[in-house]
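Peer 1: Predicted model follows, preceded by the sequence.
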Amino acid sequence: MIKILKYSFFDLMRSRWSYVYFAFYMALGFVLLFLNNDVNKAVITLMNIIIVLTPLIGTIFGVMYYYNSKEFTELLLAQPIKRSTIFTGQYLGISISLTLSLILGLGIPFLLYGLFMSSAIFEFTLLLVVGTLLNFIFVALAFNIALSNENKIKGFGYAILMWLFLAVIYDGIFLISLVVFNEYPLDNFALFTTMFNPIDLSRILILLKLDISALLGYTGAVFKKFFGTDLGFFLSLGVMFLWVLLPVWRMRTKLKKKDF
Amino acid sequence: MIEISGLNKRFGKLTVLEGLDLIIDSGGIFAVLGPNGSGKTTLIKSILGMVIPDKGDIKISGESVLKKWKYRNEINYLPQIANFPANLSVKELIKMVKNLRPKQANDKALIERFGLESFLDKKLGNLSGGTKQKVNIVLTFMFESELIILDEPTTGLDPISLIHLKEIIREEREKGKTILITTHIMSFVEEIADEIVFLLDGEIYFKGSSIELKERTGQSDLEHAIAHLISKDL
């Protein structure tokens, strides 16, 4: 598996898009720090961007890589290697290379600005951890969609739709349902529904730590009220890990029956 | 020896293989022929474990290979479409495949034979279709394996490379290897195949030499004999 991972990783590391992605984050980091002049504020702005952008990039890269390397995957499938090894290796290769773009792209400007001297070091690290988890989650989801759809266009469409749903539509439905049913006690419902969206979950994870939970979305406020920050923090982090593990597990089961 | 018994495969509503029984003895060149969509590639991919059959069993050297993967170390496979990661160089790709198989490889001789030396450092994304197919052939033949499966090996090859390919296939037969080939080029079949396996509607419709086929259909050349086989059934 390490061999497959290595090659997928180097293949992606040499692609132009990894650098574009890296350069984008780096530019973003510098611009935010320049405009805000404050690491703390920059972290909040960054959160808003990372939470929407990493899932999108992870989804697109995941789907694109799967379809583009289809014939090569067939070549690998004819080698004496287990199926699950090939795909887990590719999956890790993509996720890790995306994560590296994220961490280096944002890390460099923040380090140069004096991150270690600022009080925001913990928040910034948490941001990177959440970004990394989102990468792993959405690449896995994208792989799942691609594995279930032979048709490239369809697979791409479903993947983008999934992103749109989780990043935008889900919150809309959530908010509407809160307004419509506001005569009922909705706290548990709100909490429960949040678990089903990794993007909402990451937002809460960071907001709880930034202590500005009322600032963004109703979901954050509800979550803060319900949990003492520590319990909420570990619970949402745990659920995030589940969001990685479940799609990976489904991917591996799906593979056993798939024809190539 | 490959023993296939009662192999069934459906893709949705489409039944591709229906109770296919086939025994392929060790040694020799077997051409798997049939009209488009007759299940040639599905059959080959089932042997390789890429397509998972609904029913039936496939045994290689007496052992069932379904759901296993280690047996593939004894199979060389040339896929129909050669498409490699665009950002790797030819050299890196060869190194990678060598890395994946616990086996001795003699890639140097093959690279020389197909004149690929000057392409070794080029990125795979910049190669022409024919050159990619040559790389594909090098990857297939650089290992010593008992079973060699070639899916449309002639695609995109220039005449000189085609001659080299035929030479290599013959050399492998001399070594006692079993070679399965699918192709639509009948002159190629007539030239090198020892036996023809003709697939139609998911079953083996004919198995024997090209001379037998011609005799049975009363045609003087293979192309017409095959056309006759297909049309008679329709």
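Peer 2: Now that the structure is in, tell me what you want to look at.
Peer 1: contacts, neighbours, all on C-alpha from now
Peer 2: OK.
Peer 1: Phi first, then psi, for the residue in the stretch 151-260 of chain A that chain B sits nearest to.
Peer 2: Proximity of the stretch 151-260 of chain A to chain B (CA to the nearest CA) peaks at residue A:259, 4.3 Å away. The phi and psi values for residue A:259, taken as degrees, to the nearest 10, are phi -100, psi 140.
Peer 1: Chain B against chain A: which residues are in contact?
Peer 2: B:45, B:48-52, B:69-73, B:76-77, B:79, B:81-88, B:96, B:99-101 (CA under 8 Å from any CA of the partner chain).
Peer 1: quick one: which of the residues you listed sit in strands?
Peer 2: Counting by DSSP state E, the residues of chain B next to chain A place B:76, B:77 in strands.
Peer 1: Buried by neighbour count, from the residues of chain B next to chain A: which ones?
Peer 2: The neighbour count (16 or more other CA atoms under 10 Å in any protein chain shown) marks B:45, B:48-52, B:69, B:71-73, B:76-77, B:79, B:81-88, B:96, B:100 as buried among these.
Peer 1: and those residues, which of them are in helices?
Peer 2: Judged by DSSP state H, these include B:45, B:48, B:96, B:100 as members of helices.
Peer 1: Only the buried residues of stretch B:194-205, if you could.
Peer 2: B:194, B:195, B:196, B:197, B:198, B:199, B:200, B:201, B:202, B:203, B:204.
Peer 1: ok so, going back, ok, so of the ones in helices among the buried ones among the residues of chain B next to chain A, who is nearest chain A?
Peer 2: Nearest member of those to chain A, counting by CA to the nearest CA, is residue B:48, at 6.2 Å.
Peer 1: what sits against the closest residue in space to the closest one that isn't next to it in sequence?
Peer 2: The spatial neighbour of residue B:48 that comes closest, neighbours along the chain excluded (CA to CA, 6 or more residues apart in numbering or on different chains), is residue A:78 at 6.2 Å. Taking CA atoms under 8 Å, 6 or more residues apart in numbering or on different chains, we find residue A:78 in contact with B:48, B:49, B:50, B:72, B:76, B:77.
Peer 1: In a markdown table: these, plus pLDDT.
Peer 2: Shown next, in a markdown table, are those (pLDDT from 0 to 100):
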| residue | pLDDT |
| --- | --- |
| B:48 | 89 |
| B:49 | 88 |
| B:50 | 89 |
| B:72 | 87 |
| B:76 | 91 |
| B:77 | 90 |
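Peer 1: State the phi and psi torsions of residue 201.
Peer 2: In the absence of a named chain, chain A is used. In terms of degrees, to the nearest 10, the main-chain angles of residue A:201 are phi -60, psi -40.
Peer 1: mind listing what it touches?
Peer 2: A:194, A:195, A:236, A:240.
Peer 1: Do I have it right that the residue of the stretch 151-260 of chain A closest to chain B meets residue B:54?
Peer 2: No - the criterion here is CA atoms under 8 Å, and residue A:259 misses it with residue B:54 at 10.9 Å.
Peer 1: which other helices and strands contact the helix or strand harbouring residue B:31?
Peer 2: Element membership for residue B:31 (DSSP states H and E) is strand B:28-33. Here strand B:28-33 touches strand B:178-182, strand B:195-200, going by 3 or more CA pairs under 8 Å, 6 or more residues apart in numbering or on different chains; DSSP states H and E.
Peer 1: mind listing what that strand pairs with, with the direction of each?
Peer 2: In the sheet, strand B:28-33 lines up against strand B:178-182 (parallel), strand B:195-200 (parallel) (DSSP bridges).
Peer 1: Put together TSV for these, with mean pLDDT and distance to residue A:42 on each row.
Peer 2: Below are the strands paired with strand B:28-33 laid out as TSV (pLDDT from 0 to 100; distance: least, CA to CA, whole Å):
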stretch	mean pLDDT	distance to residue A:42
strand B:178-182	92	61
strand B:195-200	88	66
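Peer 1: of all these, which lies closest to residue B:4?
Peer 2: strand B:195-200 (13.2 Å; CA to CA).
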